[in-house]
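Asker: Sequence plus predicted model, see below.
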Amino acid sequence: MDRTPLDRRSFLQQLARSAGSACLLWTLGRVPRAAAADSPPQESCEVDFYQRLPGQRIRCGVCPRHCELADGQTGACRARRNVGGRHISLGYNNPCLLNVDPLEKLPLNHFRPGSRAVTIAVGGCNLRCLYCQNWQHSQRAPDEMETTRLPADAAVRAARRNRVDTVAFGYTEPVAFLEYATEVATAARRARLRVAAASAGYVEPEPFLKLAANLDAVVITLKAFDDQLYQRLAGVRLDPVLRTIELVRSRTKCWLEIVNLVVPTYNDDLEMIGRMAVWIREHAGPDTPLHFERFVPMYQLSGLPRTAVPTLEAACQVARQAGLRYVYTSNIAPHEGTNTFCASCGERAIQRLGFKILENRLSDGRCPNCRALLPGVWR
Amino acid sequence: MAPPRMPRSFGPTLAAVLIATAAMLHAANADGDQSGAVQPLQGEARRARELVNRLKLSPRQARGMLAIAERAAALHVAYYEWQASRLPEAIEAFAAFAAEDARGQGFSPEVERRARAISHALKQKREQLTEALIGLEVEAAKCLTLEQRCLLDQTKSPRRPQPSSGSTPDRLALARQESADLASAMRPAPGPLGRYLLHPAAGPELARTAGVALPLSLQQALDVLTGGTSAHPRAEFERNRAQVERLRNEINNWNLINGLNFTVEQMQRIIALYDECANQAVGLRQRRQQTVALEQAVAEVLNAGQREVLRTYKPCLIPPRNLKDPVRVGQANDSSQLERWLERARRTPAARLPALVEGLLQREAEHYGPLSRAEQQKRKELLIRTARRAAAMSDVDFALRQCELAEQIAPRDRAQMLRDEIDTLARQRGQPGVLARFLLRPDFIDQLRQRLAATTETLAATRSDPTAVQAEPH
């Protein structure tokens, strides 16, 4: 066979061309769908709360960030996109995490202790918490990861099939998938299931109330009690979160519990914790359970140590002194602070080991010793 | 404020009683050096002599043994040198790890990495030596007659608990023996042949029986094992090794203290109870009863969660990180590995499922001990059945039931069951149990005093100046 001799220059040119093409093909293959796509995902729904602006621009109205998006742009939550002037929810019917978890994991200590919930999470979050424990899911767009198709009715059917009577939204931020969460909550309520959600509470009142109308319990994470610190830790302002807590108390019938993750050197100032506890007592009530959660080195704060146990104990002490009657330690076990004590007589009513209930001595929510009614939803 | 100390006159006595009790209870799980290289050589020589006499080795057999013992000696010497060169590194890594563990706020990645690496290297080397010695032992056994091999099988290991004499079998002794058998099945160790006859200390006895001079290599190995090398003298080696063991023990204690999350009141109560018991001048006989009473009193101080954690606690140098379950302390079981296995099994074609099951069974045998043939078959069927069930599920149902399925196929932890049984029986008979083994030791109480002092200090600073309570970043 006759072969044309290849000089060194041509050989190198051909090699460079082939390598270039290979790189291009490889890069194209790796482009995340979210970045490449400017069409709505296969399954999507239009967001209820947004404002159309001139030139196919929109302004999102779900959370106080009010992202202004040009056509094809995705919001700060990574879960909503402007597609041709329509605001589209990307995570609709596409959860990235599904689990059956004890409600204590949310954490809910005064809401049907010992029962389990089908916990649903969709990718994305409108916060940028430096210590996020689920950053692999919360800091990515729903269409950038593996998901399971689960329409609202199917979620309810799955819960029923697996003999679970509560549906919960956790791991990531339900505000980022509010449209889907609202639909699942409505379907679950219709099927007489209970619904709970864990949220950072950074949301506009109207969308939140729409979701909360079908919720039985809410856990709000209060990251700190200082606006500057809030922005540093989570990238958002404090006031809207406080407003949401007030809304839960004043405009909904949801059971409310509040979580504060104590991060060493960031929000472990006891004076600030004291002010936070006073605010909770005054605006959410002294019977609102407050959980001080132990920080575990994670995400962008992996260089920090874990929260020292005495710091958590001191925080609990400060909160009790401020007038809160049910204060817990969380993400630490075994610890006395995870148990429920009657605020009237001090009797231990529920004993826990992590998320497990070792003993529940309450009967109809009443203390086994003094028969005082403990606040909460016990059945 | 310096923590109160135990009276010096009493401390060692109680320590001796508790350590002896702990050693007895812990025999099954002892994680000592099983190679034989660390046994005092006099003891080794004596046991070798006894064994040679018992087996009535012929000169020819002794010559055969001697040749194999020379190869074993080379292994012992190499192990000594390797260990001696790595012990300073282990001391440095474990000391840094213990210092961070003492603060109870987790570990900086570098400190954790170094401790993990050296711990793994030490373990791996020990296992390599054990494996090689077992190989030589098999070879040496071929020099023996069938009768001699039977005699050898009847020779009990000194670590093995002996059942009490009497016509009715003692359940406690049986459980202890079963536990010891399980431990040795999980961590194979050389038998008496490998431990004593192939040890360099047996060289002179074998040479005498063989009627030959002690080979030079064996003499050199003996010199190394008794006096060390010029680079690593034996005294320094022993000091370093003792230091590593002390640090390991200290780390285990800190892990337990951190994992149990004692309140200040609990720490004060446990220390007070211990001191009260330690201050009573009683004879050695009463000491054991006192330990049992102390154990009961301390059990009442602990809450149900802490007692549960202690029940399933298996010492572990580097505590596992598990956000899913904040309760995990030491090597207590969790189902996340089985959940991952089920996920893999769902994606595996049916034809390759048996191989996947075999792999899991093999790992389980290493972790929980071998199963009988019938048990193995039963477990294999359960795993295949569950894997098929998981594969038949929709993605949603599998996601929701993964944990439940994993719990259904959780292996039976025979070692834990035996530990529970031994603990219950021991306490029924007025013997100290698991709580005494882990918590009522002088070294543990000393560390608890340190933690109490540190916690009290932190809380005092909290009260006087709230802003002072700030942990330092690594």
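Answerer: Received it, and whenever you're ready, just let me know what you need. Residues are numbered from 1 along each chain as shown, chains lettered A, B, ... in the order given.

Asker: domains for the chain, by residue range?
Answerer: You didn't say which chain, so I picked chain A. A:36-89, A:97-337, A:339-379 (automatic domain parsing).

Asker: wait, chain B
Answerer: According to automatic domain parsing, the domains of chain B span B:1-27+B:261-321+B:438-458, B:31-158+B:171-249, B:336-412.

Asker: Including mean neighbour count and mean pLDDT, could those go into TSV?
Answerer: No exception for glycine: its C-beta is placed from N, CA and C like everyone else's. Output for those, formatted as TSV (neighbours: other CB atoms under 10 Å in any protein chain shown; pLDDT from 0 to 100):
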stretch	mean neighbour count	mean pLDDT
domain B:1-27+B:261-321+B:438-458	17	76
domain B:31-158+B:171-249	18	88
domain B:336-412	15	92
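
Asker: quick one on the thing from earlier: point out the most buried one among the domains of chain A.
Answerer: Greatest average neighbour count among the domains of chain A goes to domain A:97-337 (a mean of 21), per mean count of other CB atoms under 10 Å in any protein chain shown.

Asker: re the thing from before, of all the domains of chain B, which one comes closest to residue A:171?
Answerer: Distance to residue A:171, taken as CB to CB, is lowest for domain B:336-412 among these, at 12.4 Å.

Asker: JSON lines please, covering the domains of chain B and showing distance to chain A.
Answerer: Formatted as JSON lines, these follow (distance: least, CB to the nearest CB, whole Å):
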{"stretch": "domain B:1-27+B:261-321+B:438-458", "distance to chain A": "3"}
{"stretch": "domain B:31-158+B:171-249", "distance to chain A": "4"}
{"stretch": "domain B:336-412", "distance to chain A": "4"}
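
Asker: For residue A:151, which of the ones you listed is the nearest?
Answerer: So among those, domain B:336-412 is nearest, using CB to CB, at 10.4 Å.

Asker: Excluding covalently adjacent residues, which one is nearest to the closest residue to chain B within the stretch 201-350 of chain A?
Answerer: Residue nearest to chain B within the stretch 201-350 of chain A (CB to the nearest CB): residue A:334, separated by 2.9 Å. Once flanking residues are discounted, residue A:334 sits nearest to residue B:305: 2.9 Å by CB to CB, 6 or more residues apart in numbering or on different chains.

Asker: What are the boundaries of the strands in the stretch 201-350 of chain A?
Answerer: A:217-221, A:255-262, A:290-294, A:327-330, A:340-341, A:348-353 (DSSP state E, counting those that start in this stretch).

Asker: and the last one with chain B, contact?
Answerer: Put plainly, it is strand A:348-353. Yes: judged by CB under 8 Å from any CB of the partner chain, strand A:348-353 and chain B are in contact via A:351-353.

Asker: relative to strand A:348-353, how tilted is the very next helix or strand once past that strand?
Answerer: Downstream of strand A:348-353, the next assigned helix or strand under DSSP states H and E is strand A:356-360. Relative orientation of strand A:356-360 versus strand A:348-353 (axes from the mean of the first three to the mean of the last three CA atoms, to 10 degrees): 160 degrees.

Asker: Would you list the strands that strand A:356-360 pairs with, along with their directions?
Answerer: The strands beside strand A:356-360 in its sheet (DSSP bridges) come out as strand A:348-353 (antiparallel).

Asker: Not counting the helix or strand hosting the residue nearest to residue A:334 itself, show me its contacts.
Answerer: Taking DSSP H and E as the definition, one finds residue B:305 inside helix B:304-311. With CB atoms under 8 Å, 6 or more residues apart in numbering or on different chains as the test, helix B:304-311 has contacts from A:333-335, A:338, A:351-354, A:358-359, B:259-262, B:299, B:302, B:327, B:329, B:332, B:420, B:423, B:434-435, B:438-439.

Asker: Cheers, nothing more for now.
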